[in-house]
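Student: I would like the atomic coordinates for the input below:
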Amino acid sequence: MSTQGPASAVARLERDAIGLAPVLFQSITHMAPAAAVAFSIIFAVTYAGGATPLAVVLALIACLFVAISIGQLARHLPSAGGLYTYNARALHPTVGFFVAWGFMLAEPLVAPLLYLIFGNVIGVYLTSHFNTPTWLWAPFAVVAGIGVWVLVYRGIRISTEAGVAMGAFEIVVFLALAITLIVAAGSKNTLSVFNPSTGNTHGLGSLFAGMVYTVLAFIGFEASAPLGEEAKDPKRTIPRAVILSCVLIGVFYLVCYYGAMVYFGPLQAGSSDPKVGFFYFNGGDPWDGLAAKVWGPFSILVLLAIINSAFANSNAGANAATRVGYALGRVGILPRALASVHPRFKTPYIAVHVQGALGIVIAVVLGFALQGPLNAFALLGTIATLVVVMIYILTNLSNIVFYMREHRDELNPLWNVIVPVLGILIFIPVLIAAFGIDFGGLGITSLTAPANAAPWVVLAWLVLGAILYVYLSMRSPAAIQETATTFVEA
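Tutor: Numbers count the residues shown, from 1 in each chain. Sure thing, here's the model as predicted:
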């Protein structure tokens, strides 16, 4: 294989290093199935209430459409640049630059976001059982950060193989718990959880607001795309991994939240009353509380699964972030030092060190500044969702334009027109809801603090990106143009 453009002079990542299973679990672990169930989607319940399973279904459909678009683009453009390369080539290098700039905000936040969960889960457990200081979450977050740093530095093969083992464990535990809840619910099993007005105030308005957090749970299914230069047969492996991860984990989320809602009671699940609502159950740790009710002492498995999920997800997030940093350094948008590849481990080690240090600092500083790791998680998660939803919309558009412009002979009306158009239409109201804008009389309300600061952070980041774009256009226009051509060709 050869890399097109001037970037070919840069040292390369390890070719044909990993097959379908590790690439698939790169996406699966990046989604953090257990941590997403236990922490991301519980925020959705505060808006969508008992209709949260429907919010999961709609998020699954929307993300599946994006997954198909990614798969269609990866057939021709396997690259460590991932989605930014797709958008640059299909739409315009300027669009590719801003997608890359968005990812440079969103991707590096994934690892610290999960360090916060790792530290919080262990810290809360120790505080409740052994009366330890509440600030103990911080050193455990640092431990998680150092562990991920070492794994990602040592190589993509060992890093992704670790992800396979850890991802399988968390899925088995939560799936077993969900099935137990469904059985225990007995006659309370109901399809009303798929009615948009069940247990919430504004029906579709509440549902779209809840989807901000069900989409957050899906973020990462595209994380295998940046491994396009290290995967075996990437033109087949990457599309399969992206689509399979989206479908499999989407079904997993659906089973988990169907079980939780029918067991807990869909009508009271979204209540803001701390004595009644799902979000507040068991002191704000509802899944551990549900497990204690149906599993007794074996509920410790849920705690272990969440800890495992947080670590595995941060590992996958660091892999994706460092590969995007490598690709942007390779074309000169970021410092070229980030494209340096370790002579032994074949990893972008400078990018790994930057991500490793930055992730730990963000987690600890924000955790203390916002008076707790969960507040920091809410802010970082909402920022990531806003950025990624915009990128998903552009990627659907890229699917349409790329095949119409460059591969009209291969254009399939279903996969290259209908699917991406529907994907765009589903994501637009979610994006509007994330900004707290009501439309169509749906009754959408603004997100609560500190998540409501996320739109302003994203807008500020885009302004900074515009300034950088003008600077690069004058000083290094080739760097922006090369985002459209940095891909692997057979």
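
Student: is Ala223 in a helix, a strand, or coil?
Tutor: Secondary structure, DSSP: H, G, I helix; E, B strand; the rest coil: Ala223 is coil.

Student: could you count how many residues lie near it?
Tutor: 29 (other CB atoms under 10 Å). C-betas here are computed from N, CA, C, even on glycine.

Student: how close does it get to Cys246?
Tutor: 11 Å (CB to CB, to the nearest Å).

Student: can you check Gly220 too?
Tutor: Relative to Cys246, and taking CB to CB, Gly220 is found at 10 Å.

Student: what helix or strand is Tyr47 located in?
Tutor: helix 41-48 (DSSP states H and E).

Student: check Ile437 too.
Tutor: With DSSP H and E as the test, Ile437 turns up in no helix or strand.

Student: count the residues that sit near it.
Tutor: Quick note: Ile437 (other CB under 10 Å) scores 12 neighbours.

Student: and for Thr322?
Tutor: 29.

Student: show me what contacts the residue nearest to it when sequence neighbours are not counted?
Tutor: Residue nearest to Thr322 in three dimensions, not counting chain neighbours: Ala351, with 4.2 Å by CB to CB, 6 or more residues apart in numbering. Ala351 is in contact with 321-323, 325-326, 329, 338-340, counting by CB atoms under 8 Å, 6 or more residues apart in numbering.

Student: switch to 6 Å and redo it
Tutor: 322, 325-326, 338 (CB atoms under 6 Å, 6 or more residues apart in numbering).

Student: give the residue farthest from the middle of the chain.
Tutor: For the chain, the largest distance from the centre (CA atoms, centre = their mean) belongs to Ser187, which lies 35.2 Å off.

Student: pLDDT score for Tyr213?
Tutor: With respect to pLDDT, Tyr213 has a value of 92.

Student: help me confirm that it comes into contact with Ala44.
Tutor: Yes. Tyr213 is in contact with Ala44 according to CB atoms under 6 Å; the separation is 3.9 Å.

Student: for Ala90, see how far away Gly283 is.
Tutor: Gly283 is 48 Å from Ala90, where distance means CB to CB.

Student: ditto for Leu462
Tutor: From Leu462 to Ala90 the distance is 20 Å (CB to CB).

Student: now do the contacts for Tyr392.
Tutor: 66, 427.

Student: on that earlier part again, check what pLDDT the residue nearest to Thr322 gets.
Tutor: The model's pLDDT for Ala351 equals 87.

Student: helices and strands around the helix holding Tyr47, which ones?
Tutor: helix 52-74, helix 204-218 (3 or more CB pairs under 6 Å, 6 or more residues apart in numbering; DSSP states H and E).

Student: which stretches of the stretch 51-200 of the chain form helices?
Tutor: 52-74, 83-90, 93-130, 137-154, 156-185 (DSSP state H, counting those that start in this stretch).

Student: now mean pLDDT and distance to Phe439 too, for the ones you listed, in JSON lines please.
Tutor: Supplementary listing: those in JSON lines, determined by pLDDT from 0 to 100; distance: least, CB to CB, whole Å:
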{"stretch": "helix 52-74", "mean pLDDT": "93", "distance to Phe439": "17"}
{"stretch": "helix 83-90", "mean pLDDT": "84", "distance to Phe439": "26"}
{"stretch": "helix 93-130", "mean pLDDT": "86", "distance to Phe439": "23"}
{"stretch": "helix 137-154", "mean pLDDT": "89", "distance to Phe439": "38"}
{"stretch": "helix 156-185", "mean pLDDT": "79", "distance to Phe439": "34"}
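
Student: pick out the residue closest to the middle of this protein.
Tutor: For the chain, by CA atoms, centre = their mean, the most central residue is Ile219; offset 2.4 Å.

Student: what's the closest non-adjacent residue to that residue?
Tutor: Val388 (5.2 Å).

Student: got the angle between the one helix or strand the one you found maps to and helix 93-130?
Tutor: Secondary structure from DSSP H and E places Val388 in helix 373-405. Inter-element angle recorded for helix 373-405 and helix 93-130: 150 degrees (by axes from the mean of the first three to the mean of the last three CA atoms, to 10 degrees).

Student: look up how far Ile480 lies from Gln355.
Tutor: 23 Å.

Student: between those two, which is the more surrounded one?
Tutor: Gln355 (29 against 21).

Student: and for the residue lying closest to Phe39 once chain neighbours are set aside, the neighbour number?
Tutor: Of all residues not flanking Phe39 in the chain, Ile117 sits nearest, at 5.8 Å (CB to CB, 6+ apart). Number of residues near Ile117 (other CB under 10 Å) recorded here: 32.

Student: give the contact list for Ile117.
Tutor: Per CB under 6 Å, 6+ apart, neighbours of Ile117: 35, 39, 310.

Student: which element is the first one on?
Tutor: Ala35 is part of helix 33-35, with elements assigned from DSSP H and E.

Student: again, but for the last one
Tutor: When secondary structure is defined using DSSP H and E, the element that contains Ala310 is helix 300-331.

Student: Tyr263 is in contact with Leu181, correct?
Tutor: Yes. Shown here, Leu181 and Tyr263 form a contact pair, counting by CB under 6 Å, at 4.2 Å.

Student: tell me which of the two has more neighbours.
Tutor: Taking other CB under 10 Å, Leu181 and Tyr263 do not tie; Leu181 has more neighbours (24 against 21).
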